[in-house]
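1. Give me a 3D structure for the following:
(chains A and B)
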Number of protein chains: 2
Amino acid sequence: MNAFILSIGDELVLGQTVDTNSAWLSQQLATVGCGIAGHGTVPDNQKMIEDAIRSAAGRCDVLLISGGIGPTEDDLSRQALAVVLGAELEMNEIWLARLHEFWSKRNAVMPEMNKIQAMIPRGAMMLENTAGTAAGIRAILTLCDVDLKTDSATGIASCDIFVMPGVPKEMKIMFTREVLPFIKERSGGAVILQRTLHTFGIGESAVAEKLGQLMNRGRNPSVGTTVANQIVSLRINARFDSRAEASERLESTTADCEAALGDLIFGRDEQTLPHVIAKLLGQGENKLTVCTAESCTGGLLAKMLTDLPGSSAYFTQGWVTYSNLAKYDRLGVPTDVINVYGAVSEPVVEAMARNARRLAKTTYALSISGIAGPDGGSATKPVGTVCIALAKPDPNDRAGTVVYKRTFVLTGDREMIRDRAAKMALTMLRFELLSKPLPF
Amino acid sequence: MNAFILSIGDELVLGQTVDTNSAWLSQQLATVGCGIAGHGTVPDNQKMIEDAIRSAAGRCDVLLISGGIGPTEDDLSRQALAVVLGAELEMNEIWLARLHEFWSKRNAVMPEMNKIQAMIPRGAMMLENTAGTAAGIRAILTLCDVDLKTDSATGIASCDIFVMPGVPKEMKIMFTREVLPFIKERSGGAVILQRTLHTFGIGESAVAEKLGQLMNRGRNPSVGTTVANQIVSLRINARFDSRAEASERLESTTADCEAALGDLIFGRDEQTLPHVIAKLLGQGENKLTVCTAESCTGGLLAKMLTDLPGSSAYFTQGWVTYSNLAKYDRLGVPTDVINVYGAVSEPVVEAMARNARRLAKTTYALSISGIAGPDGGSATKPVGTVCIALAKPDPNDRAGTVVYKRTFVLTGDREMIRDRAAKMALTMLRFELLSKPLPF
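-> Got it, this is the predicted structure:
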C-alpha cells in the first residue's frame, strides 16, 4: 500500500513557510507499514490543484491532501476535488449545524463566507474536525484511465482521497482520529518500527566508520545517520511482515549499534543530554547537585540544565562571568592568573569551577571559557578554543575539591561553538557520573 | 518564467528529514521574479525519479533538482536524468582531475566509488561544487510531446534542468554561483522584493487587526503574518515589472505597516531583539551596560544578551539564582520577602534586580522569576506567571536605583514560556532605552 502526500498553499510554494506536515505524515504512515510514493506541493490555484490530484492519484492507493479548505477565496481544494470527481459541491447539513453552534457558543453569528466549509462533493464523506471549523473530506476516485495508473493490471483502480486542514495542529488531530485507523486496517502489510540513538562528541564519518557494515544499504533493519544541533543520531528502521519480528530485529540491531559505539551513545528517541544528566544525578543514594560558571556560553549551559521540569532537584545556581572583572569579583579568579594565562585557559576555568563549587556547596561545578568568535582568535588560540573544567569531591578527602579540565578546539560558527561547548561540558559530567574516562 | 523544485531522497519521503531546501530555493527564485509551479519529493528510486523529471519538466521552464548525486548506490539522480535525456553518462575529465586533487590534498586515494561523481549525461554541462565532491549538472530537455507541456502553443518546448547536491550548504553555494545568475537573466519579468518586520508582545490576530486592510488578499504589495519563536512577523512582498517601482512600493507599504504598529515593531529582516538591544545600548554617549538575575529562565536571558559578537561591550555578568537559597546567598534577597510573597513575586524580582545592579555596577539590571511549568502553578499564580524587573538609575539621584516591575501571565509550554519571559525582559529594556512606556 502506497500513499502520496499533497500540500496546498502559496505560502509553501513561495518558501514563506517550511512544510513540516509532509514529514510528520510520512512518519505516521511508516509506523503502520504504508509506503510513501512521494510528496508534492502546489499553489492556491484550482487548475493546478486539479492536475496535481489527478497526477498523484495515479501513483498511489491513498492520497492525503492538506490545506486549502479554509473559508476564504484562496481556499480551493474542495472545488478542485469536486471537479476531479465530476461531482457537485453539496451542503452537508450536519456540519452546517456544527458551524452555527460554534459561532453561537461565542455569542456571534457565522460569517456568510464560512458556509463553504460545510460543503463537500456529492458522494464524499465528511471528516470531523475537533479543533477548528474546516471539516475534512473523504472521497474515492475511480481511475478508469490506464494512463493514470500504469501499474494497474486491470486498468481500473481506485484511490482513496482524504482532504485535511493545513494547520498542523488540526491536521494532526484529524489524521490520527479519522485517517490513520483506515490506513492501518487497509495496509495490513509490513510493519516499520523505528528507533533513534544519539551520540555526541565525534563526527558523523567517525560514527559511520565505527558502525561499518551495519550501515550497508539494503540491510534490514537499516541504519542511517543524521546530524542536528551538533548531535549525530543513528536512525534504525526495521521493516518486517509481523510486528513481533520487526520488534525483535530492531532490538537486535540496536544492540549491535550499542556494541559498536559504546558509551558514545548517550540516549535514544526523545532523550536529550539534559534528560540523561538529570537521570544520572538523581539515581544515586546521595542527592547530587551541580552549579555552573560560564564565560563564552553566556548562560547556555545553565539554561540546558534547567530545560526540564524538576531541575531544581539538582541545579541550584550559576554564574555568567563574561568580563574578566566579573571572574574576579564573583568567583575570585586571581587577576594575575588571567593576565598570565589569558581568560581562555585551563588555570582560569579551574579557578572558576573550584570557587563556584565552594560558594554554591554543590557536588559538582562545571565551568567554561572559550573563544566563540567570529573575532578574538589567535594563532595559538584559534576561534573555537574552549576550556572546560569539572570540579568534584576529592576521593581522598571529601572536604577537598579536585578539578578535571580539558581544552577543545570546536568547529562551526559562533552559535554552534557555544552549543558544542555547553554540550561538551554536560558530556564531561556524564562520563564522570558513569565513572568512565572521556573517550575523546 | 516558472520553476519547479524536485527533491530526491528516502529520508525526505520517509519524513526523517524535513525538506528545507525547497522553501529556501523558492525564496531565492521569488527575489528575481521567477514564479514557482510547485514542489515535489520522490524516493531514491530511479524509475520514480525519471517519472518525476518527465512530469515536472512538462510544467515549468526551469527544473531544479536537489539530491541524489552522492557517490553511493542510492544516489540515482544522474542515472535517471540520463535516461530521460536519452543520453549516455560520460566521464568529465576536468571534474575527475578535481576529485583526484581533492583526495591527494588529504594524502588519500580516491575511493573507486567516487568516480561516478565525475560522470554527466552526454551533452550536459558540469556545475562546479566549491564545497564538496558532487559536481552539479545542467541539461536542456526538449519536449516534443505535447502531452508533457499542454500550455505550449507549438507543442515543442524545452526545460532547463539543474541538478544540485542535497546537502543544504553545498546546494546553496552552487545555486547562488551557478544557477541564480542564469535564472535572473532569463526571467526578465516581474521583480519581487520582500521585507519582513518583526513584533513581539501581542498576538497574531491583534497584529492583523491593527494592520486592517493592509492585509487584504490581492493587494500588491501583499502583507502577511507568520509566527516563529514567539515573534509575530509581517512579510511584505512587492511584485512589479520594474525594480524601481517594486522598491518604491515596498517602502511605501513598509511605512504604512510602521504607522499601524508603531513601536511594536522592533526590527526588520535579519534583526533580532539582541541586535536591537545592542544597538540601543551602544548608541548613547555613555557606555550603557546591563546585567541579569534569572530564576525560571535559567540563563536564557544572559545567553540571548551574549548571542552577538562584541556583546562584552554592554554585558558583563549574570546570575542564575534558581534556588531560594541562591537568591539569598548571591543576591541578598531577604528570606522573609521570599516567604511572605513567594519566589515568584514583584518584591523578589525587585530585590534581585536592585542588588544585581549594585553588585555588577551596571547601568541596568534585568531580573526574572516565574513558573515555567508544567507543574508548580496555583489558582492565584497559574503556570506562565512571570515577574520581571528592570533596575535603572534614579533620575533624581544618579547614585540611586529605581526599579520598574511587571507581572505577566504568558502562554505556551515550558520552553515557550521561558523564551517569552526572556524576550519580554529584553522588550522592557528596549522600551526603557526608547524612553517610552511599555505598550501592553
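
2. Going by C-alpha atoms from here, please, whenever you check contacts or count neighbours.
-> OK.

3. Surely A:His275 touches A:Leu308?
-> Yes - using Cα atoms under 8 Å, A:His275 is in contact with A:Leu308, at 7.4 Å.

4. And for the residue in the stretch 151-300 of chain A positioned nearest to chain B, the neighbour number?
-> Closest to chain B within the stretch 151-300 of chain A is A:Gly299: 4.2 Å, counting by Cα to the nearest Cα. Look at A:Gly299: counted by other Cα atoms under 10 Å in any protein chain shown, it has 34 neighbours.

5. what do you get for the one 5 residues further on?
-> Counted by other Cα under 10 Å, the residues lying close to A:Met304 total 21.

6. ok, and the closest non-adjacent residue to A:Val403?
-> A:Ala391 (4.3 Å; Cα to Cα, 6 or more residues apart in numbering or on different chains).

7. Could you pull up the mean pLDDT of the helix or strand harbouring the one you found?
-> Per DSSP states H and E, A:Ala391 falls inside strand A:385-394. Averaged over strand A:385-394, pLDDT sits at 97.

8. contacts for that strand?
-> A:344-346, A:349-350, A:353-354, A:357, A:363-372, A:399-410, A:421, A:425, A:428-429 (Cα atoms under 8 Å, 6 or more residues apart in numbering or on different chains).

9. From chain B, how far off is the residue sitting furthest away from the middle of chain A?
-> Distance from the C-alpha centroid of chain A, by Cα atoms, centre = their mean, peaks at A:Asp336 (45.7 Å). From A:Asp336 across to chain B, the span is 19 Å (Cα to the nearest Cα, to the nearest Å).

10. lowest average confidence, helix or strand, in chain A?
-> Lowest mean confidence among the helices and strands of chain A (mean pLDDT, DSSP states H and E): strand A:222-228, at a mean of 82.

11. buried stuff in that one?
-> A:Ser222, A:Val223, A:Gly224, A:Thr225 (16 or more other Cα atoms under 10 Å in any protein chain shown).

12. Touching, the second one and A:Ala238? I think so.
-> No - checked against Cα under 8 Å, the pair A:Val223 and A:Ala238 is beyond contact range at 9.0 Å.

13. how deep is A:Val340 tucked in, by neighbour count?
-> A:Val340 has 11 neighbours, counted by other Cα under 10 Å.

14. any idea whether it is helix, strand or coil?
-> Using DSSP: H, G, I helix; E, B strand; the rest coil, the structure places A:Val340 in helix.

15. Contacts only, for it.
-> By Cα under 8 Å, 6+ apart, no residues touch A:Val340.

16. Pull up the gap between it and chain B, please.
-> Separation of A:Val340 from chain B (Cα to the nearest Cα): 21 Å.

17. what is the rounded mean pLDDT of the strand ranked longest in chain A?
-> Longest strand in chain A by number of residues, with DSSP state E as the criterion: strand A:397-409. Here strand A:397-409 scores 94 as its mean pLDDT.

18. Just list what it packs against, helices and strands only.
-> helix A:346-360, strand A:385-394 (3 or more Cα pairs under 8 Å, 6 or more residues apart in numbering or on different chains; DSSP states H and E).

19. Could I get those in JSON lines, plus columns for mean neighbour count?
-> Listed next are the helices and strands packed on strand A:397-409 as JSON lines, based on neighbours: other Cα atoms under 10 Å in any protein chain shown:
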{"stretch": "helix A:346-360", "mean neighbour count": "24"}
{"stretch": "strand A:385-394", "mean neighbour count": "24"}
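
20. Reformat these as a markdown table; add distance to A:Ile49.
-> A markdown table is the format used below for the helices and strands packed on strand A:397-409 (distance: least, Cα to Cα, whole Å):
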| stretch | distance to A:Ile49 |
| --- | --- |
| helix A:346-360 | 60 |
| strand A:385-394 | 53 |
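
21. quick one: strands adjacent to the longest strand of chain A?
-> Take DSSP bridges as the rule and strand A:397-409 pairs in its sheet with strand A:385-394 (antiparallel).

22. The partner strand vs helix A:346-360, what angle?
-> Between strand A:385-394 and helix A:346-360, the angle comes out at 40 degrees (axes from the mean of the first three to the mean of the last three Cα atoms, to 10 degrees).

23. Tell me how far strand A:385-394 lies from the chain's centre.
-> Its chain's C-alpha centre and that of strand A:385-394 lie 30 Å apart, by Cα atoms, centre = their mean, to the nearest Å.

24. and what of stretch A:413-431?
-> 19 Å.

25. That stretch and chain B, any residue contact?
-> Yes - against chain B, stretch A:413-431 shows contacts by Cα under 8 Å from any Cα of the partner chain at A:Arg414, A:Glu415.

26. Show the average pLDDT along that stretch.
-> 96.

27. do the same with stretch A:73-81
-> 90.

28. Pull that stretch out as PDB, backbone CA atoms only.
-> What follows is stretch A:73-81, C-alpha atoms only, in PDB (Å, rounded to 0.1, in the frame of the first residue of the first chain):
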ATOM      1  CA  GLU A  73     -11.400  32.800  -1.700                       C
ATOM      2  CA  ASP A  74      -7.900  31.300  -1.800                       C
ATOM      3  CA  ASP A  75      -9.000  28.000  -0.300                       C
ATOM      4  CA  LEU A  76      -9.700  25.900  -3.400                       C
ATOM      5  CA  SER A  77      -9.100  22.200  -2.500                       C
ATOM      6  CA  ARG A  78     -12.700  21.300  -2.200                       C
ATOM      7  CA  GLN A  79     -13.600  22.900  -5.500                       C
ATOM      8  CA  ALA A  80     -10.700  21.200  -7.200                       C
ATOM      9  CA  LEU A  81     -11.600  17.800  -5.800                       C
END
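
29. got the contact list for it?
-> A:8, A:44-47, A:49-50, A:53, A:67-69, A:89, A:119-121, A:163.

30. By neighbours, which of those residues wins?
-> Of all the contacts of stretch A:73-81, the highest neighbour tally under other Cα under 10 Å goes to A:Gly68, namely 30 neighbours.

31. who's in contact with that one?
-> A:Ile8, A:Gly9, A:Asp44, A:Asp74, A:Asp75, A:Leu76, A:Ser77, A:Arg78, A:Pro165, A:Gly166.

32. That'll do, ta.
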